[in-house]
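Trainee: starting from these lines, generate the structure:
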Amino acid sequence: MTAASDISWSGPNGTFNLRVAAIIRRGEEILLCTVDGLDYWFLPGGRVRFGEVSDAALAASLPKS
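Mentor: Numbering: from 1, shown residues only. Prediction:
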């Protein structure tokens, strides 16, 4: 489900979702995410809302420690 203020739209050629992502490294390792049932991996991050700066969108999408 998409919030009304997310930068996202669908058209005849597919769907566009603006998202922000981070490359998080520990030594030579890079953090990647996946979800059960998906056949691909992705960088941690999430969607961007209208008027939101990218670092705030990234901070909002990452789990709180």
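Trainee: what's the burial count for residue 6?
Mentor: Neighbours of residue 6 under the rule other CB atoms under 10 Å: 18. To be clear about C-beta, it is placed using only N, CA and C from the backbone, and glycine gets the same treatment.
Trainee: who's it bridged to?
Mentor: residue 49 (DSSP bridges).
Trainee: what's near enough to touch it?
Mentor: Contacts for residue 6 (CB atoms under 8 Å, 6 or more residues apart in numbering) come out as 17, 18, 47, 48, 49, 50.
Trainee: now do the strands in this protein.
Mentor: Ranges of strands within the chain are 8-11, 14-17, 19-21, 25-26, 29-30, 45-47, based on DSSP state E.
Trainee: now residue 60. Nearest residue, chain neighbours left out?
Mentor: Take residue 60 and drop its neighbours on the chain: the residue closest to it by CB to CB, 6 or more residues apart in numbering is residue 46, 7.0 Å away.
Trainee: could you check the pLDDT of the one you found?
Mentor: Per-residue pLDDT puts residue 46 at 90.
Trainee: check residue 2 too.
Mentor: Among the per-residue scores, residue 2 shows a pLDDT of 55.
Trainee: go on, residue 14?
Mentor: In this model, residue 14 is scored at 96, pLDDT.
Trainee: likewise for the one 5 residues further on?
Mentor: pLDDT recorded at residue 19 is 93.
Trainee: in the sheet, who's paired with it?
Mentor: Counting by DSSP bridges, residue 19 is bridged to residue 47.
Trainee: ok, the residue nearest in space to the middle of the chain - contacts?
Mentor: Residue closest to the average C-alpha location in the chain (CA atoms, centre = their mean): residue 46, at 2.3 Å. Shown in contact with residue 46 (CB under 8 Å, 6+ apart): 19, 20, 57, 58, 60, 61.
Trainee: one more time with 10 Å
Mentor: Residues in contact with residue 46 (CB atoms under 10 Å, 6 or more residues apart in numbering) are 6, 17, 19, 20, 21, 57, 58, 59, 60, 61, 62.
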